[in-house]
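Novice: for reference, the sequence and a predicted model appear below.
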Number of protein chains: 2
Amino acid sequence: MTETAPRPTLEAVAARAGVSRATVSRVVNGSEGVRERLAERVRRAVEELGYVPNQAARSLVTRRHDAVAVIVAEPETRVFADPFFARQLRGISKELTAHDNQLVLLLTEDRDDHERVGRYLAGGHVDGALVFSLHIDDPLPGLIQRAGLPTVFGGRPDWSGGRGDVVYVDSDNRGGARDAVRHLLGLGRSRVAHITGALDQTSAVDRLDGYRDVMAGADPRLVVEGDFTAASGERAMRELLGRCPGLDAVFAANDLTAAGALRVLREHGRRVPEDVAVVGFDDMLPIAEQTEPPLTTVRQDIEEMGRLMARLLLRELDRTTGTDGPPSGVVLPTTLVRRASA
Amino acid sequence: MTETAPRPTLEAVAARAGVSRATVSRVVNGSEGVRERLAERVRRAVEELGYVPNQAARSLVTRRHDAVAVIVAEPETRVFADPFFARQLRGISKELTAHDNQLVLLLTEDRDDHERVGRYLAGGHVDGALVFSLHIDDPLPGLIQRAGLPTVFGGRPDWSGGRGDVVYVDSDNRGGARDAVRHLLGLGRSRVAHITGALDQTSAVDRLDGYRDVMAGADPRLVVEGDFTAASGERAMRELLGRCPGLDAVFAANDLTAAGALRVLREHGRRVPEDVAVVGFDDMLPIAEQTEPPLTTVRQDIEEMGRLMARLLLRELDRTTGTDGPPSGVVLPTTLVRRASA
């Protein structure tokens, strides 16, 4: 343990500088009203003793920690397994670092841990929170609200319709899905299947809605539920080939799912794109370029979403009260990226 | 922003319960000396108002946050790119969660951010710190020491020789390296090259020392510096083939580096293991099983290292002062895992 020296106290600084505790406290917290000669003596004593102000005490005065919590509402195993999260965190990290704010990533094993996360958020350790990958019925938003922390969500929370004060950053999931399916129809395909994402997340619901916008009246057996993982893409593709052997295209809810589907199509001797055309969602590199064949997909700028979330939150933290509220939702456009798979 | 209702204050609870602020504070912080009838009224008011105690104030009394900081002294891009860190974090997360402690991962862009991390650690937001992937000359240990936080290091810090109070968990890097090189010599190889890890880290230095223990007097051109990444393995392997075209074996400082080296050997038409036998370090799955051919490697239990780091720290936090200190270093054994590459 690094406990070689006891941590210097406020009292020690006061004694060294020959001033009162209150004077030290005022200087350390940047308050006015201390004569420069005294302030200088305090600063010298702080320097000499290597005194670090106790932030718990200090934050009672300043109420700013220059720290932002990030919560990915997924088990930590998924946070590290799915490159989507690393990409979003990269955008957040760059933006927070540019403003000298500490990124505090709160990891969990499962949803049972969200109450503990709520306690930490309520504990006065961070100025605000960035939350993404929320699932419907997650207790987290309620816990955050109770903590009274300014918060920006990544992805539209399912309850945002009813609460105008929710700030979120999202992609145009429904429009992107429509583009994907229209592209497949434009190639002359007619039996277009869809492997969904986790349907307790709005991004998956919106992409399914986009598919249905274009494929209204299609055979409902062409839709199989997945959960955004490659394993679910494999499972769903097997099920689709059993149910609808005549399918000629697949729109997968993300690139990982599409990669799983491609593996199963190859196993079954279906040529892509000749027999079955495949489109993904995300344009997650290098995955989308390394699949066999490379993946046509709907690009969303994930890193920019993270950056924008951080920017909106920092702006809110700097905002003087009483001005106009921030926008309730920012929806970024998507673009179709054509590669060999469709 | 989730700011629909202002956060209830201690004053509001006091008013609702008809007691003083001090009484509310005592009940909330679990102090003795409040009559049960009053305490019950306070608890009811807390419940009705949805009051959450301000942890910043509360921690001044209790001095425990049930939160542990984890710092990986690498840019966040590497934290997410190298599965080693995910593995170690998994062990830490499991152990902390089992003890209802919050894992607070402090991410950084580069070493310039370590001062900000030091401020956060000194700020009274966590009870202790777990630090890994330290580099020589990193200012972090000094900043942590100044923050006065109990700390456990993953990997032996380079200055631990001089300070008996440093607690760390490490693998037997030198012994594992010796096993790897002896295995190669046992296969009849004599021109055994070594691609090192980042030599500003003790793990890389120890593995190099293990190589030299066995290969004393070997051609110094057989050692090329890498940095634990696959890209460095490719670069170093190219250099080795240029310098010492007659080499018949490579010991790489980790599996990622070995994977890079294997790619370059294949490019150059060298058969593994027939022409060049290759051994890695880590037994990082699935990488070590998916290389072509599968990799013979030195296994270290990375997840267990993380778990042990967390366990040692939690024990220290629970320790009553005055008892024997914790062990200064725990070194876990390694084992050679034989696959096709050597």
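Specialist: Looks like it came in fine.
Novice: all contacts plus neighbour counts: C-alpha atoms, from now on.
Specialist: Noted.
Novice: look up the pLDDT of A:Thr296 for me, please.
Specialist: On pLDDT, A:Thr296 comes in at 97.
Novice: that one: how many residues sit nearby?
Specialist: A:Thr296 has 26 neighbours, counted by other CA atoms under 10 Å in any protein chain shown.
Novice: shouldn't it be in contact with A:Val337?
Specialist: Yes - the criterion here is CA atoms under 8 Å, and A:Thr296 meets it with A:Val337 at 5.6 Å.
Novice: quick one, strands of the stretch 201-342 of chain A?
Specialist: Here the stretch 201-342 of chain A has its strands, by DSSP state E, counting those that start in this stretch, at A:223-224, A:249-252, A:277-282, A:296-299, A:329-332, A:335-337.
Novice: average pLDDT for the shortest one, rounded please.
Specialist: I take that to be strand A:223-224. The predicted model assigns strand A:223-224 a mean pLDDT of 98.
Novice: give me the helices and strands touching it, please.
Specialist: Packing partners of strand A:223-224 (3 or more CA pairs under 8 Å, 6 or more residues apart in numbering or on different chains; DSSP states H and E): strand A:192-195, helix A:230-243.
Novice: related to what we said a few turns ago, least confident of the strands of the stretch 201-342 of chain A, on average?
Specialist: Looking at the strands of the stretch 201-342 of chain A, the bottom one is strand A:329-332 with a mean of 86.
Novice: quick one: contacts of that strand?
Specialist: A:Arg156, A:Val166, A:Val167, A:Tyr168, A:Val169, A:Asp170, A:Ser171, A:Asp172, A:Gln300, A:Met305 (CA atoms under 8 Å, 6 or more residues apart in numbering or on different chains).
Novice: check stretch A:284-291 too.
Specialist: For stretch A:284-291, the surrounding residues in contact (CA under 8 Å, 6+ apart) are A:Pro83, A:Phe84, A:Asp255, A:Leu256, A:Ala259, A:Leu262, A:Pro294, A:Leu295, A:Thr296, A:Thr297, A:Arg299.
Novice: can you show me the CA trace of it as CSV?
Specialist: The C-alpha atoms that make up stretch A:284-291 are tabulated as CSV, following Å, rounded to 0.1, in the frame of the first residue of the first chain:
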residue,chain,number,x,y,z
MET,A,284,-18.3,-1.0,-37.9
LEU,A,285,-14.7,-1.1,-39.1
PRO,A,286,-12.8,-3.3,-39.5
ILE,A,287,-15.6,-5.9,-39.2
ALA,A,288,-17.7,-4.5,-42.1
GLU,A,289,-14.7,-4.6,-44.5
GLN,A,290,-13.3,-8.0,-43.3
THR,A,291,-16.5,-10.1,-43.7
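Novice: roughly how far is it from the heart of the chain?
Specialist: Distance, stretch centre to chain centre, for stretch A:284-291: 20 Å (CA atoms, centre = their mean, to the nearest Å).
Novice: for that stretch, buried residues please.
Specialist: Residues A:Met284, A:Ala288, A:Thr291 are the ones in stretch A:284-291 that count as buried (16 or more other CA atoms under 10 Å in any protein chain shown).
Novice: any chance you could list what contacts the host helix or strand of A:Glu47?
Specialist: When elements are assigned from DSSP states H and E, A:Glu47 belongs to helix A:36-49. Residues outside helix A:36-49 that contact it (CA under 8 Å, 6+ apart): A:Pro8, A:Val13, A:Ala14, A:Arg16, A:Ala17, A:Val19, A:Val24, A:Val27, A:Val52.
Novice: what's the closest non-adjacent residue to the second one?
Specialist: Yep, that's A:Val13 we're talking about. Spatial nearest neighbour of A:Val13, chain neighbours left out: A:Ala45 (5.6 Å); criterion: CA to CA, 6 or more residues apart in numbering or on different chains.
Novice: quick check: A:Val279 touching A:Ala340?
Specialist: No - A:Val279 lies out of contact with A:Ala340 (CA under 8 Å); the separation is 9.8 Å.
Novice: name the residue in these two with the higher neighbour count.
Specialist: Regarding A:Val279 and A:Ala340, a neighbour count based on other CA under 10 Å identifies A:Val279 as having more, with 31 against 16.
Novice: just the CA coordinates for stretch A:208-227, please, in PDB.
Specialist: Extracted C-alpha coordinates of stretch A:208-227, given in PDB (Å, rounded to 0.1, in the frame of the first residue of the first chain):
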ATOM      1  CA  LEU A 208     -37.800  -3.000 -37.400                       C
ATOM      2  CA  ASP A 209     -40.300  -0.200 -38.000                       C
ATOM      3  CA  GLY A 210     -38.200   1.000 -40.900                       C
ATOM      4  CA  TYR A 211     -38.200  -2.500 -42.300                       C
ATOM      5  CA  ARG A 212     -42.000  -2.700 -42.000                       C
ATOM      6  CA  ASP A 213     -42.500   0.700 -43.500                       C
ATOM      7  CA  VAL A 214     -41.100  -0.600 -46.800                       C
ATOM      8  CA  MET A 215     -42.100  -4.300 -46.500                       C
ATOM      9  CA  ALA A 216     -45.700  -3.700 -45.400                       C
ATOM     10  CA  GLY A 217     -47.700  -6.900 -45.900                       C
ATOM     11  CA  ALA A 218     -44.600  -9.200 -46.100                       C
ATOM     12  CA  ASP A 219     -44.600 -12.700 -44.700                       C
ATOM     13  CA  PRO A 220     -44.200 -12.200 -40.900                       C
ATOM     14  CA  ARG A 221     -42.000 -15.300 -40.800                       C
ATOM     15  CA  LEU A 222     -39.300 -13.300 -42.500                       C
ATOM     16  CA  VAL A 223     -38.700 -11.500 -39.300                       C
ATOM     17  CA  VAL A 224     -36.600 -13.200 -36.600                       C
ATOM     18  CA  GLU A 225     -35.500 -11.700 -33.300                       C
ATOM     19  CA  GLY A 226     -31.800 -11.300 -32.500                       C
ATOM     20  CA  ASP A 227     -30.000  -9.300 -29.900                       C
END
